[in-house]
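J.: Have a look; sequence and predicted model below, questions after that.
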Amino acid sequence: MDWITRLQNSIDHIEKHLLDDLSIDEVAETAFVSSFHYQRIFSLLTGMTIGEYIRKRRLAKAGQEISASDGKVIDIALKYGYDSPESFSKAFNRFHGISPAAARLAGASLKSFSPLVLKITIEGGLTMDYRIENKQSFKVLAISRIFSAETSSAEIPKFWDEFFRKGHNKVSCGRFGICCPPEKGSKEFRYSIGNYVNESSVKPAEIPAGFEILDIPAGTWAVFPCVGPMPDSIQNLWKQIYSQWLPTSGYEIVPGYDIEHYSAGDVASPDYKSEIWLPVRKKQ
């Protein structure tokens, strides 16, 4: 089954079970990837989180039902996953721009939001440099924080700003930005900033407050070089990996640590160099 078909199957699954209590894990399983990678892929390819997509689909359908029936608002709110008429009305108003009551008036204007349909488009050839490496295990002295997949794209850059502002880079320079594998069923993940460390040279009592040692296991990595200013260049590279390299590479993602490797230098320079390390295996 090809990559595009797997993603489309997951979107079809969402549509079929739109009124059910959907979990990200359940949806991700239909695409045969972890929930963490599914959420990242979805947001990179569509420009919205999976949660936003489901909410918009539900509110669009709720608007159709409100305007076409005389059902009670409380019943429709519960049907579309809201605990109270108040929370439903707020969400409805944010999406449609009017209240549920106003949606029943003659001539009321509502917003539609169609289900996603994935299509392959040819936009010209694109050369992507990469290499496959078998890396030995290594350790990182890092400072970590828990993030929600829904808000991580906005919050992680703030974490980096805080890392330098508080001088943590003097303890362990920010060579790595690491997305740690989340627990199954969790909507959160741990993100760590740090650098190589020889654990044998650091006693547990000597680990600075707030820091920890991460043990990155040996494995196979697809390594993608990146040249350009942060954060746009590396964000664009992530999108290219998922939309163009992964569907045709003969490799698939495996659960593990996703790593961004940064060099010393001016991160705003057009010549700034970094890398993405993605844990992979050959397709069976």
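T.: Thanks, I have the structure now.
J.: What values do phi and psi take at Phe224?
T.: Dihedral pair for Phe224: phi -120, psi 110, per degrees, to the nearest 10.
J.: Distance check, it against Thr46.
T.: Going from Phe224 to Thr46 by CB to CB, to the nearest Å gives 21 Å. Quick note: C-beta positions are derived from backbone N, CA and C, even for glycine.
J.: Same question for Ile213.
T.: The span separating Ile213 from Thr46 equals 37 Å under the rule CB to CB.
J.: Then Lys139?
T.: For Lys139, the distance to Thr46 under the criterion CB to CB works out to 36 Å.
J.: Quick check, pLDDT for Trp221.
T.: pLDDT recorded at Trp221 is 96.
J.: quick check, it in a strand?
T.: Yes. Using DSSP: H, G, I helix; E, B strand; the rest coil, the secondary structure at Trp221 is a strand.
J.: what sits against it?
T.: When contacts are counted by CB atoms under 8 Å, 6 or more residues apart in numbering, Trp221 touches Ile132, Glu133, Asn134, Lys135, Ile259, Trp277, Leu278, Pro279, Val280.
J.: For ChimeraX, write a command that selects the buried ones of these.
T.: Only the buried members of the contacts of Trp221 enter the following ChimeraX selection, criterion being 16 or more other CB atoms under 10 Å:
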select :259,277,278,279,280
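J.: now, which of the contacts of Trp221 sits nearest Ile146?
T.: Distance from Ile146 was checked for each of those by CB to CB. The minimum falls on Ile259, at 18.0 Å.
J.: is it true that the closest one touches Gly177?
T.: Yes. Under the criterion of CB atoms under 8 Å, Ile259 is in contact with Gly177, at a separation of 7.2 Å.
J.: low-scoring pLDDT stretches of this structure, where are they?
T.: Judged by pLDDT under 70, the chain has its weakly predicted residues at 1-2, 120-126, 185, 199-201.
J.: mind listing the helices for it?
T.: With helices called from DSSP state H, the chain shows them at 3-16, 24-30, 35-46, 50-68, 73-79, 85-96, 100-103, 152-165, 232-240.
J.: what's the closest of those helices to Gly219?
T.: Set against Gly219 and scored by CB to CB, the helices of the chain come closest in helix 35-46, at 15.0 Å.
J.: got the contact list for the closest one?
T.: 7, 10, 24-25, 27-28, 31, 33, 48-50, 53, 116, 149, 153, 179, 181-182, 184-186, 189, 238-239, 242-243, 253, 255.
J.: from the residues you listed, which would you call buried?
T.: When the contacts of helix 35-46 are checked for burial by 16+ other CB under 10 Å, the buried set is 7, 10, 24, 27-28, 31, 33, 49-50, 53, 116, 149, 179, 181-182, 189, 238, 242, 253.
J.: residues near Ser172, how many?
T.: Counted with other CB atoms under 10 Å, residues neighbouring Ser172 total 21.
J.: go on, Ser148?
T.: Applying other CB under 10 Å, I find that Ser148 has 14 neighbouring residues.
J.: can you check Gln244 too?
T.: So Gln244, with other CB under 10 Å, has 13 neighbours.
J.: Am I right that Phe164 is in contact with Gly174?
T.: Yes. Contact between Phe164 and Gly174 holds when scored by CB under 8 Å: they sit 7.4 Å apart.
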